[in-house]
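**Student:** What follows is a predicted protein model with its sequence.
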Amino acid sequence: MRLNSLRLRLILGAALWCVAGFAVGGYALSTLFSDYVERSFDRRLLALLDSVIAGTEALQGGGASVVRPPQDSRFDSPYSGWYWQIDGADGPMERSRSLWDSTLPAVATTGALRYRNADGPVLQPVRIAAKSVALPGADGRILVQLAGDRTESIAEIDRFNRLLMWALGLMGAGLVLGVVLQVQIGLRPLNAIGRSLQRIRAGDADRLDGDFPSEVAPLAGEINSLLDHNRSVLERTRTQAGNLAHALKTPLTILANATAGDDSDLRELVARQTGEMRRQVDHHLARARAAATAGTLAARAPVAPVIDGLVRVMQRIHRDRTLTISSDCAQALAFAGDRQDLEEVLGNVLDNACKWAAGQVVLRAEQIDDLLVITVDDDGPGLPAGRRDAVMKRGARLDESKPGTGLGLSIVADLVELYDGAVDLEAAPTGGLRVSLRLPAALAG
């Protein structure tokens, strides 16, 4: 898919929204779970802290002692991660066996319950619940602290985050895949329009046919209307060009006939000028017809029938000469243009080759990439390289001994140019002249 692809834009847009949505949702779920685990852990700490406070009594002469410590073996195991400690005004007064020879750092509190995270005696992560209380019979307040190992809570949160990441990742991948399928199915009518346009361009259809969705049907209807309008304009243009040519040829014929019985110089002048005017009309009529057809949709002309027909015509025209005309053309080749234009181009080239050939003309047609390449070789005298450009100019004559108007190859050059093609003149392997035509090839039908 290209960067400016509509399909790519839709997929990337959906993917970005999925990533953003899952990132925000994942962060929120992770935060909520972490808060839930922390509050659950705090409730456990508070319950144990209250049991320590309930089992603590004031001593005569000051101080306090835990007479009923929590019945939990973790408070007896050294550096187990679970500790309790009682601080007085002068520092720690009593602590659990699990602290061994270490102490918990004191924290200032006014009696309210306070939680904080810290590092334990052996740098394990602990959470400490601290509360300042006043015991009955005691002169002052004491600080009771209880610490719990956070390792399990951290591992539980990490495990949840990993599962959440995998779950959201798989869900996101599934959603993106669903978007890809949705886009592929949703854009299928546009692909159908593209295929229909290819068939129109190949000449296999002249309208968009199919049952299109309501969102795409107006587009298909407008394209069909445009095709109909384009076809109508082309037909009117051709008709008007033909009418103009007929309107001009009729007066020219009258002028030529009016001087037919005159032996003066006027007859020769009128005949020459009217003939030149007819040739000009034919030339520009061919250009107008080609200009109306070149590049249009549904323009397609099979090449093989045109070549076979022209070969038969040339064999009849030159039947009084020992002339061999051979052709090599695949039946599947097609020209992306009007058949009459192809006949005009090949007819002029083949006629020129037959006039100059000593006895052999070879015509070959093939498709190279998207170009139709046609070569016509003769075994005549050929054409010097320095004079090949001149023969392509309209009205130029290289040899007055051969019949013709001198417009043949210039008409070929004009028509081929209208189809964005090219004409090359070069030496033929048979010793004469090779004319190479490069024209647009029609799509395979």
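**Tutor:** Done, it's in.
**Student:** For the rest of this, base every contact and every neighbour count on C-alpha atoms.
**Tutor:** Will do.
**Student:** Under the pLDDT cut-off, which ranges of the stretch 1-150 of the chain? List them.
**Tutor:** 1-3, 61, 109-110 (pLDDT under 70).
**Student:** Just the strands from it, written as ranges.
**Tutor:** Ranges of strands within the stretch 1-150 of the chain are 56-58, 64-66, 83-88, 91-95, 114-119, 125-134, 141-149, based on DSSP state E, counting those that start in this stretch.
**Student:** Can you lay out the ones you listed as TSV showing distance to residue 434 and mean neighbour count?
**Tutor:** Output for the strands of the stretch 1-150 of the chain, formatted as TSV (distance: least, CA to CA, whole Å; neighbours: other CA atoms under 10 Å):
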stretch	distance to residue 434	mean neighbour count
strand 56-58	117	18
strand 64-66	117	19
strand 83-88	104	24
strand 91-95	111	17
strand 114-119	94	15
strand 125-134	92	22
strand 141-149	96	24
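**Student:** Can you lay out those strands as CSV showing distance to residue 12?
**Tutor:** Formatted as CSV, the strands of the stretch 1-150 of the chain follow (distance: least, CA to CA, whole Å):
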stretch, distance to residue 12
strand 56-58, 65
strand 64-66, 65
strand 83-88, 54
strand 91-95, 61
strand 114-119, 43
strand 125-134, 43
strand 141-149, 45
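**Student:** Of all those, which one comes closest to residue 374?
**Tutor:** Among the strands of the stretch 1-150 of the chain, the nearest to residue 374 by CA to CA is strand 125-134 (85.9 Å).
**Student:** Can you spell out the domain ranges of this protein, please?
**Tutor:** 1-186, 201-298, 301-440 (automatic domain parsing).
**Student:** I'd like those written out as JSON lines, with distance to residue 193 added.
**Tutor:** Shown next, in JSON lines, are those (distance: least, CA to CA, whole Å):
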{"stretch": "domain 1-186", "distance to residue 193": "13"}
{"stretch": "domain 201-298", "distance to residue 193": "7"}
{"stretch": "domain 301-440", "distance to residue 193": "20"}
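**Student:** how deep is residue 112 tucked in, by neighbour count?
**Tutor:** Number of residues near residue 112 (other CA atoms under 10 Å) recorded here: 10.
**Student:** Bridged to the residue nearest to it when sequence neighbours are not counted, which residues?
**Tutor:** Excluding its sequence neighbours, the residue lying closest to residue 112 (CA to CA, 6 or more residues apart in numbering) is residue 131, at 6.1 Å. Beta-bridge pairing of residue 131 under DSSP bridges involves residue 144.
**Student:** how close does residue 131 get to residue 144?
**Tutor:** Distance, residue 131 to residue 144, using CA to CA, to the nearest Å: 5 Å.
**Student:** so which of the domains of the chain comes closest to residue 195?
**Tutor:** That would be domain 201-298 among these, by CA to CA, at 9.4 Å.
**Student:** I'd like the mean pLDDT over that closest one, please.
**Tutor:** Taken as a whole, domain 201-298 carries a mean pLDDT of 72.
**Student:** What are the boundaries of the helices in the stretch 251-400 of the chain?
**Tutor:** Under the criterion DSSP state H, counting those that start in this stretch, helices of the stretch 251-400 of the chain are mapped to 265-293, 303-317, 339-356, 388-391.
**Student:** For the last one, the averaged confidence score.
**Tutor:** Looking back up the chat, that one is helix 388-391. 73.
**Student:** Please list all residues in contact with residue 370.
**Tutor:** 440-442 (CA atoms under 8 Å, 6 or more residues apart in numbering).
**Student:** next one: residue 353
**Tutor:** 361, 376-378, 433.
**Student:** Make JSON lines out of those and add pLDDT and distance to residue 56.
**Tutor:** Shown next, in JSON lines, are those (pLDDT from 0 to 100; distance: CA to CA, whole Å):
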{"residue": "361", "pLDDT": "93", "distance to residue 56": "123"}
{"residue": "376", "pLDDT": "94", "distance to residue 56": "117"}
{"residue": "377", "pLDDT": "93", "distance to residue 56": "119"}
{"residue": "378", "pLDDT": "93", "distance to residue 56": "123"}
{"residue": "433", "pLDDT": "91", "distance to residue 56": "121"}
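**Student:** Which ones among these lie within strands?
**Tutor:** 361, 376-378, 433 (DSSP state E).
**Student:** Of those residues, which pair is most distant in space?
**Tutor:** It's 361 and 433 that sit farthest apart of the ones in strands among the contacts of residue 353, by CA to CA, at 10.0 Å.
**Student:** what's the overlap in contacts for those two?
**Tutor:** Common neighbours of residue 361 and residue 433 (CA under 8 Å, 6+ apart) are 353, 377-379.
**Student:** which one of the residues you listed sits closest to residue 93?
**Tutor:** residue 377 (117.5 Å).
**Student:** Distance to residue 266 added to the shared contacts of residue 361 and residue 433, as TSV?
**Tutor:** Output for those, formatted as TSV (distance: CA to CA, whole Å):
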residue	distance to residue 266
353	35
377	42
378	40
379	41
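**Student:** so which of those would you say is closest to residue 161?
**Tutor:** Nearest to residue 161 among those, with distances taken as CA to CA, is residue 377, at 79.0 Å.
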